[in-house]
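1. build me a model from this:
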Amino acid sequence: MRNLLIAALMASAAATPALAAPTDREQDRAERQQEREDRKQDREERREARPKQQQQQQIETQVHVKEGPARVDATGRANRQDVETIRNVRQADRVERIEDRQQARELRQAERRLTVPVVSNTPRIGTQPPARVEPRHSSPTKWSENWKKDKRYDWWNWRNRNRLLFNLGYYYDPFGWGYQRYDIGYRMWPSYYNSSFWLNDPWQYRLPYAPPGYRWIRYYDDAILIDTWDGRVVDVIYSFFW
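-> The predicted structure follows:
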């Protein structure tokens, strides 16, 4: 009996390494398999990250306007509020461009209307009064625009240093026609150059003094030198006042 027990123990000891060996190999195989799966997963994550980065850069490029780029979250999507703000800014810019073109078109139309003005005996918009037929007591003075090259009459820089002086407030249109662009040679109706519109001291605006029979007047924001005999525009500075 004792011999049988010893034989059984020796057989069991001999079989134990044989049983343990396959278990260690399976564990090594499982670890290698796990490492391969981990590397594969890392490659897939890097592959997925590249398109997101490219998409994020593309979105930032598209939405980058003068207000700055829109914020982009981790998913590569632009912040909805920023995109909405940018869309509103672009819409406002389009509206502003349309309004500018409309104003330019209206100004060109007004200039065409005044290119060949209609002479009328009664005041109406777009017309000029008839020329006077009675003899003039003195010859019209020859006026030269060379004064604009004289540094004494640098009204532009003078206006920049004295802005309030050029802010004359509301302009009262005698006929209520609204602003018309008057060029040199056009005759204005007398109501536009009566004494209430005179610039009695042109030098305070750095304008040369008008010769006898002429007057500097204010017409809306323009400064106009006019021949008081027939209302003819002799010189004009557009957008002179604020």
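2. make it CA atoms for all contacts and neighbour counts henceforth
-> Noted.
3. before we move on, which element is residue 86 in?
-> Using DSSP states H and E, residue 86 maps to helix 80-115.
4. pLDDT of that helix, averaged?
-> Helix 80-115 comes out with an average pLDDT of 75.
5. quick check, distance from that helix to the centre of its chain.
-> 10 Å (CA atoms, centre = their mean, to the nearest Å).
6. tell me the strands beside the helix or strand just after that helix, with direction?
-> For helix 80-115, the following helix or strand on the C-terminal side (DSSP H and E) is strand 118-119. Using DSSP bridges, the strands paired with strand 118-119 are strand 127-128 (parallel).
7. what sits up against the partner strand?
-> Under the criterion CA atoms under 8 Å, 6 or more residues apart in numbering, residues 114, 117-120, 186-189 lie in contact with strand 127-128.
8. any chance of the residues you listed in CSV, with neighbour count and distance to residue 82 too?
-> As requested, the contacts of strand 127-128 are arranged in CSV below (neighbours: other CA atoms under 10 Å; distance: CA to CA, whole Å):
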residue, neighbour count, distance to residue 82
114, 18, 48
117, 16, 53
118, 14, 55
119, 15, 58
120, 13, 59
186, 21, 53
187, 23, 55
188, 21, 54
189, 20, 55
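9. redo those as a markdown table? Include distance to residue 171.
-> Below are the contacts of strand 127-128 laid out as a markdown table (distance: CA to CA, whole Å):
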| residue | distance to residue 171 |
| --- | --- |
| 114 | 21 |
| 117 | 24 |
| 118 | 25 |
| 119 | 25 |
| 120 | 25 |
| 186 | 21 |
| 187 | 20 |
| 188 | 16 |
| 189 | 16 |
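10. between those residues, which is nearest residue 85?
-> residue 114 (43.5 Å; CA to CA).
11. just to revisit the earlier point, tell me which other helices or strands the helix holding residue 86 touches.
-> The contact analysis (3 or more CA pairs under 8 Å, 6 or more residues apart in numbering; DSSP states H and E) places helix 80-115 against no helix or strand.
12. now residue 184: how far from residue 194?
-> To residue 194, residue 184 is 19 Å away according to CA to CA, to the nearest Å.
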